[in-house]
Each structure stands twice: as structure tokens, then as C-alpha cells.
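Asks: let's see this in three dimensions:
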Amino acid sequence: MIQIRRAAERGHFDHGWLNTYHTFSFADYHDPEHMGFRSLRVINEDRVAPGQGFGTHFHRDMEIVSYVLEGALAHRDSLGNGSTIVPGDVQYMSAGTGVRHSEFNASPSETTHFLQIWILPDRNGYPPRYGQKRFEDAEKSGRLRLVASPDGADGSIAIRQDARIFAGILAPREHVTFPLHDGRSAWLQVARGAVEVNGNALSAGDGAAASREPKLEVSGVGSADAELLLFDLA
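Replies: Have a look, this model is predicted:
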């Protein structure tokens, strides 16, 4: 079964400094029909204006992954980490028992466009930790590259949940097949471009939940490359 979540149906707020779309309920956006999917709790598509950002704030007991599409995002946290992530980087913060952090777009002219992803951990109370890895476009082109997993397989970031995140870039008419094993579900999020998933057309910002499907057949469509994230979930 495939259920489509269209980009235009998401929660949307334009705060001036932040233009944000919420696939699932988040902050002032509440939709009891869209509270998350399996352990996947948040997918926010954020555009942060030049010279703006998220001030220091607190999180606990959440696995937080950031995937930058355009621009750069500077990170600082109470663990002593400080870095700037750009397209190709995947940033991970396990909030655990508690961490304070800030995210800032230091550019004077360029908007930062990124996906903010929250996944529930397999239990509460872990010590907080931070990770960051780079995955070049060549690693993701024409395939699904594992970027996060429970055991850090294939050079991916290790997260504290039975969930795997794959990133892919598909040229028009390129095709990938993803098998869904018994008891697993998947969420596919289109970051840009357009794809077809098991006969369903999806465009940038659209998402699709897949349950009780033997596999996902994903093809790039249109005239431009498509970039997507696929979540394999227990």
C-alpha cells in the first residue's frame, strides 16, 4: 500500500527569517492524521535567510539528522562541537539525556535550504553524541547510498534506532529497485526534481509511505535530476 503526502498539504509557516514546511505535526502545526510514520517523527523542509538561524535551544531523546541541499549551516552545541555543513554532508545529533545547540546561516547573501529529520530513538536516556559524514554526488548518482543505519554499515552514520536512511540522485529515466523485507515499511521523500514510485508520480516536497509492499520501483522523470531520501523503517 502506498499513501502519498503531497507537498502542498504540509504545514507551512513563513517567519521571515525561516520559511518552513512540515510533513508531520511540529511546533504550532498539529494534524492528528500526520504525527509521523513508524519511528520517523519529523521531516521539515527549511529555508533559512542569509545571516539568520536557530538560536541556542534544547533537545532530548531524539535522533536528529540534517541534510543540506543548498547553502551552508553552521552548528554549535553544548558538547563542544562546532562545524559547518554544506551539500553532500549529513549531520547527526543524538540528543539523548539533553543537549543545547544552535544552527546558523552565516552567508550574507545565500539562503540555506535543508531537510531537518527527527527519528525516535529505540530507548530514552542515552548519552548525547554528534556525528558528521560526507557523501559525494557520485556515491548517490543512479543508486541509493546508505547514509545512516543502526550499525554504521558501509561507512554510514550510526543512529540509535532500527532505521536506515538512503540518499539517491536519479537522472531522467534512471531506475532503482528497493526491496522491502517482511515487517518493514518505507518513507520516500523527494527533495528536488520528480520521480515515479510504483506508478505514483511524486514531485519536490512530496512524500510516500509504503507498507506491505514487496519492493519500491523508483524512476527519475522529467527533464532534471531528482534527489530523494528513502527511510527503511521497522
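
Asks: show me what the residue nearest the centre of the chain is bridged to.
Replies: When C-alpha atoms, centre = their mean is applied to the chain, the residue found nearest the centroid is residue 117 (4.4 Å). Using DSSP bridges, the bridge partners assigned to residue 117 are residue 43, residue 65.

Asks: list the contacts for it?
Replies: 40, 42, 43, 44, 64, 65, 66, 67, 165, 229 (C-beta atoms under 8 Å, 6 or more residues apart in numbering). For every residue, glycine as well, the C-beta is placed using N, CA and C.

Asks: check residue 13 too.
Replies: Residue 13 neighbours (C-beta under 8 Å, 6+ apart): 19, 20, 22, 27, 28, 29.

Asks: show the pLDDT at the closest residue to the third one other than its chain neighbours.
Replies: Nearest in space to residue 22, with sequence neighbours left out and distances taken as C-beta to C-beta, 6 or more residues apart in numbering, is residue 11 at 3.8 Å. Reported pLDDT at residue 11 in the predicted model: 98.

Asks: then residue 140?
Replies: On the pLDDT scale, residue 140 gets 98.

Asks: and the gap between it and residue 69?
Replies: Distance, residue 140 to residue 69, using C-beta to C-beta, to the nearest Å: 13 Å.

Asks: partners of residue 134 in the sheet?
Replies: Residue 134 forms beta bridges with residue 89, as assigned by DSSP bridges.

Asks: hmm, I was thinking of residue 226
Replies: residue 170.

Asks: and the gap between residue 12 and residue 18?
Replies: With distances taken as C-beta to C-beta, residue 12 is found 11 Å from residue 18.

Asks: okay, those two: which has more neighbours?
Replies: Neighbour count, other C-beta atoms under 10 Å: between residue 12 and residue 18, residue 18 has more, with 17 against 13.

Asks: phi and psi next, for residue 139.
Replies: With angles defined as degrees, to the nearest 10, residue 139 sits at phi -70, psi -20.

Asks: count of neighbours near the nearest residue to it once chain neighbours are set aside?
Replies: Distances taken as C-beta to C-beta, 6+ apart put residue 145 closest to residue 139, at 4.8 Å, once the chain neighbours are dropped. Residues within reach of residue 145, counting by other C-beta under 10 Å, total 19.

Asks: next one: residue 136
Replies: Counted with other C-beta under 10 Å, residue 136 comes out at 9.

Asks: surely it is in contact with residue 90?
Replies: No: counting by C-beta atoms under 8 Å, residue 136 does not reach residue 90; the two are 11.6 Å apart.

Asks: after the helix or strand that contains residue 91, next one along is what?
Replies: For residue 91, the host element (DSSP states H and E) is strand 89-94. Under the assignment DSSP H and E, the closest C-terminal helix or strand after strand 89-94 is strand 99-104.

Asks: show me what that next one is packed against.
Replies: Strand 99-104 sits against strand 53-59, strand 73-77, with contacts defined as 3 or more C-beta pairs under 8 Å, 6 or more residues apart in numbering; DSSP states H and E.

Asks: mind redoing it with 10 Å?
Replies: strand 40-48, strand 53-59, strand 63-70, strand 73-77, strand 82-85, strand 89-94, strand 112-119, strand 129-134 (3 or more C-beta pairs under 10 Å, 6 or more residues apart in numbering; DSSP states H and E).
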